[in-house]
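> Here is my input; please provide its structure:
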Amino acid sequence: MAPEPLATLTFAAWRRLDLAAASRVAAQAAAAVGGRLDRVETVQHLGGPLHRVLVERDERMFALIPGGRVTVGFDVAGWRPSAELLACYREESAAQGFGDEDLHTELARRLSPRRTVTVPTLLMAVLDEPVEEEVDEMPAVLAGEGLRLPTSDEWEHACGAGARTLFRWGDELPLDRIPVEDGTGPQAGRNAFGLRIAHDTYTSEITSEPGVVYGGDGGESVCGGYGPVLAWLPLATANRNPDLAAFLYGEGADDAADSLSVRPVLDLR
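A predicted model of the protein is given here:
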């Protein structure tokens, strides 16, 4: 199958390409941004193959994120957690005064709703980078390098890669430990697109939308002893961390600055 133009490439079409066709698209993307094609590899994702593309430009590594019409957010009402997970939340979080008594209600407050959106095909930095300026100055800082912040829809799609589960790896989580204690857990590896994302609850990624922060809560749940479920929840793909965002864009920007990061986006023309 011949590669599709970058402007019209969709996630659905990308998944139908064979490796040879995907490699041609990858080379086209690298050339479009004046970058170097680092690798094209195939991984298993959602029951089938997914081609992973990494492009290096100006000493940054980017992953190709095919877009188009995609589903993001989380269906809280349709989520069926295990009895063990619910018991852990009730005993170690809610009973201690952390979170709502009902876990579904708590998730509905924190997570963005399931929705269908259209996002562009783009290149996104494999690694997030510390915020070294004022938060409101970061769009201009990135623009000076021909980069930008991701939108919330772009971030969620890049993180979940089409998965409709609570976390990018599935719906379950280790209940006998918290992320900071688990260097080999499900959060440790790269995601389906090759991003190191939603892996450290101490790091929070800003987006182009004030009040929307992903990937971590600045360590609040761990330091506060909120229990395993709430300690893992900041890594949920659709978790906008509303409490941290309200603090960050209120009076706490200086206090939270050390835990903030950005994930630059490089647009494909």
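> Residue 184: how many residues sit nearby?
Close neighbours of residue 184, defined as other CB atoms under 10 Å, add up to 7. To be clear about C-beta, it is placed using only N, CA and C from the backbone, and glycine gets the same treatment.
> pLDDT at it, what is it?
In this prediction, residue 184 carries a pLDDT score of 86.
> Residue 6 too?
86.
> May I see the buried residues of the helix or strand in which residue 50 is found?
Take DSSP states H and E as the rule and residue 50 turns out to sit in strand 48-57. Of the residues in strand 48-57, 50-55, 57 count as buried by neighbour count, 16 or more other CB atoms under 10 Å.
> so where do the helices sit in this protein?
Assigned by DSSP state H, the helices in the chain fall at 11-16, 19-32, 83-92, 103-110, 138-143, 152-160, 220-223, 228-232, 242-248, 253-256.
> Next up, the contacts around residue 238.
Contact partners of residue 238, counting by CB atoms under 8 Å, 6 or more residues apart in numbering, are 72-74, 111-112, 156, 160.
> can I get those residues in TSV with pLDDT, neighbour count and distance to residue 180?
Formatted as TSV, the contacts of residue 238 follow (pLDDT from 0 to 100; neighbours: other CB atoms under 10 Å; distance: CB to CB, whole Å):
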residue	pLDDT	neighbour count	distance to residue 180
72	98	24	27
73	98	20	27
74	98	26	23
111	97	23	22
112	97	18	25
156	98	28	23
160	98	27	22
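> what's the residue closest to the geometric middle of the protein?
In the chain, the centroid-proximal residue (CA atoms, centre = their mean) is residue 159; its distance is 3.3 Å.
> pretty sure that residue contacts residue 199?
No: with contact defined as CB atoms under 8 Å, residue 159 does not reach residue 199; the gap is 10.2 Å.
> before we move on, the earlier item: tell me what the strand holding residue 50 is packed against?
Secondary-structure packing of strand 48-57 (3 or more CB pairs under 8 Å, 6 or more residues apart in numbering; DSSP states H and E): helix 11-16, helix 19-32, strand 36-45, strand 60-65.
> pLDDT score assigned to the residue lying closest to residue 162 once chain neighbours are set aside?
Distance criterion CB to CB, 6 or more residues apart in numbering; nearest residue to residue 162, sequence neighbours excluded, is residue 46 at 5.9 Å. Note for residue 46: predicted pLDDT of 95.
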